[in-house]
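A.B. asks: following is a predicted model, sequence given first.
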Amino acid sequence: METINGTDYRSTEKSAKNRQNRRYIGEISVKHRKIGEKSRYFLPVQPAQLCFSAWLKNRGFRKSKMVERIQGKDFINEVGILSQINHRHVIQLLGCCLETRVPLLVYELINNGTLSDHIHDENKASAIMWETRLRIAIQTAEALYYLHSVASSPIVHRDVKSTNILLDEEYNAKMCDFGASRLVPLDQNQLSTAVQGTPGYLDPESLQTYRVTEKSDVYSFGVVLVELLTGKKALFFDRPKEQRILTMFFLFALKDDSLFQVLEDCIVNNGNHMQILKVAQLAKRCLSIKGEDRPTMKEVLLELEMIRMIGENAEQNPEENTYLLGESYAHYHLGGGESSIATHSMASSFLLPVSDAR
């Protein structure tokens, strides 16, 4: 059984206040559980009846609130999941304190807000240029690939969204909020479970089948890619009717050959258009209605890495990069037919053959 390092409240408070790399970001209430009198101990990760916690904006901790009893499982589930994860782009659980009425979970400090805070704030969005957005996408893909294929047991996050991607001061990504995550048994490739997640990011296939797979995370990641490209929220009811659901708005723009008209201005003006186009095509594949038509996160990661490499070499070998990107780039800039955007993917031409790693 995995264990979490525990400490007394004063030590936790002092550590959180005096060290720049730590701060509270979690609080829970424990019922029907006796806590030992020792001021320092190890807490085994095991089920308990807990009260779920909600994020307290602009603070380093969560403020506890009472909700339905079933949601209490989410928090202990997050502890269990995070105790098994060690990845540079997943937030690190440092320890816990159970001496307070509302016990605390202590994580590493990530104090630059969420991806959503930056790309949806007009005053901040222009500060995240295309190269940084692509790097954030790659780092998030690395984390999801790790969860799906490298962790001891495959993990489906189930709530991938821009508000669950934290950014440090150098705009490096950290996945967080594993309350809805689930371990997938090695002898299975899907879970039958109640649909859980955030409207605008939910896998439409899961809504029909009540089955969650790793491809459900791929769909949600596709929505995040579209947010990075457009700077728009997944759902925004103040928009005209045809623009309220971001994925539909984006896919229509691709079909209508008007992609660059819906992208964020700072991306169009300063980004590499060849890279942008290929990321848009990748997002389209991630948003396929059928899970079997979506790439795996391994394929997504490889394609994003190749797109970044092409961008790095663009100035030195422009003709070679145009050739690698193929007809679809010329289509967008020279007015070709719709089919190249709808059906062609760069992945088939340059992805290396790799096997699933588990």
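C.D. replies: Ah, there it is.
A.B. asks: tell me the domain ranges of this structure?
C.D. replies: Taking automatic domain parsing as the criterion, the chain consists of the domains 3-108, 115-350.
A.B. asks: hey, least reliable of these by pLDDT?
C.D. replies: Here the domains of the chain differ in mean pLDDT, and the lowest is domain 3-108 at a mean of 51.
A.B. asks: how near is residue 209 to residue 284?
C.D. replies: Applying CB to CB, to the nearest Å, one obtains 22 Å for the distance of residue 209 from residue 284. Bear in mind the C-beta positions are built from the backbone N, C-alpha and C, glycine included.
A.B. asks: who's more crowded, those two?
C.D. replies: The residue with more neighbours, out of residue 209 and residue 284, is residue 284; 21 against 14, by other CB atoms under 10 Å.
A.B. asks: tell me which element the nearest residue to the more buried one once chain neighbours are set aside falls in.
C.D. replies: Computed as CB to CB, 6 or more residues apart in numbering, the closest residue to residue 284 that is not its neighbour in sequence is residue 254, at 5.9 Å. Under DSSP states H and E, the secondary-structure element containing residue 254 is helix 246-255.
A.B. asks: name the SS class of residue 170, please.
C.D. replies: At residue 170, secondary structure determined by DSSP: H, G, I helix; E, B strand; the rest coil is coil.
A.B. asks: look at it and say how many residues are nearby.
C.D. replies: Residues within reach of residue 170, counting by other CB under 10 Å, total 8.
A.B. asks: how about residue 124?
C.D. replies: Neighbour count of residue 124, defined by other CB under 10 Å: 12.
A.B. asks: and residue 296, what does it touch?
C.D. replies: Contacts here follow CB atoms under 8 Å, 6 or more residues apart in numbering; on that basis residue 296 touches 148, 149, 214, 215, 218, 356.
A.B. asks: helices and strands around the helix or strand harbouring residue 222, which ones?
C.D. replies: Residue 222 belongs to helix 214-230 when assigned by DSSP H and E. Judged by 3 or more CB pairs under 8 Å, 6 or more residues apart in numbering; DSSP states H and E, helix 214-230 is in contact with helix 115-119, helix 130-145, strand 155-156, helix 204-209, helix 246-255, helix 273-286, helix 297-313.
A.B. asks: next, the buried residues of it.
C.D. replies: Neighbour-count burial for helix 214-230 flags 214-230 (criterion: 16 or more other CB atoms under 10 Å).
A.B. asks: go on, stretch 116-136?
C.D. replies: Buried residues in stretch 116-136, counted by 16+ other CB under 10 Å: 116-120, 125-126, 128, 130, 132-136.
A.B. asks: now these in TSV, with distance to residue 87?
C.D. replies: TSV is the format used below for those (distance: CB to CB, whole Å):
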residue	distance to residue 87
116	21
117	22
118	22
119	23
120	26
125	27
126	30
128	22
130	25
132	20
133	21
134	20
135	16
136	15
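A.B. asks: looking at those, which is nearest residue 155?
C.D. replies: residue 136 (20.5 Å; CB to CB).
A.B. asks: tell me who's in contact with that closest one.
C.D. replies: Shown in contact with residue 136 (CB under 8 Å, 6+ apart): 115, 128, 165, 167, 171, 172, 173, 228.
A.B. asks: report the separation between residue 134 and residue 227.
C.D. replies: Following CB to CB, the distance that separates residue 134 from residue 227 is 13 Å.
A.B. asks: count residues in the vicinity of residue 293, would you?
C.D. replies: Other residues within reach of residue 293 by the criterion other CB under 10 Å amount to 12.
A.B. asks: list the contacts for it?
C.D. replies: residue 285.
A.B. asks: begin at 43, not 1, for the rest of this chat.
C.D. replies: Right, with 43 as the first residue, what we last looked at is residue 335.
A.B. asks: for residue 123, find the nearest of the helices and strands packed on helix 256-272.
C.D. replies: With respect to residue 123, and counting by CB to CB, the nearest of the helices and strands packed on helix 256-272 is strand 197-198 at 6.2 Å.
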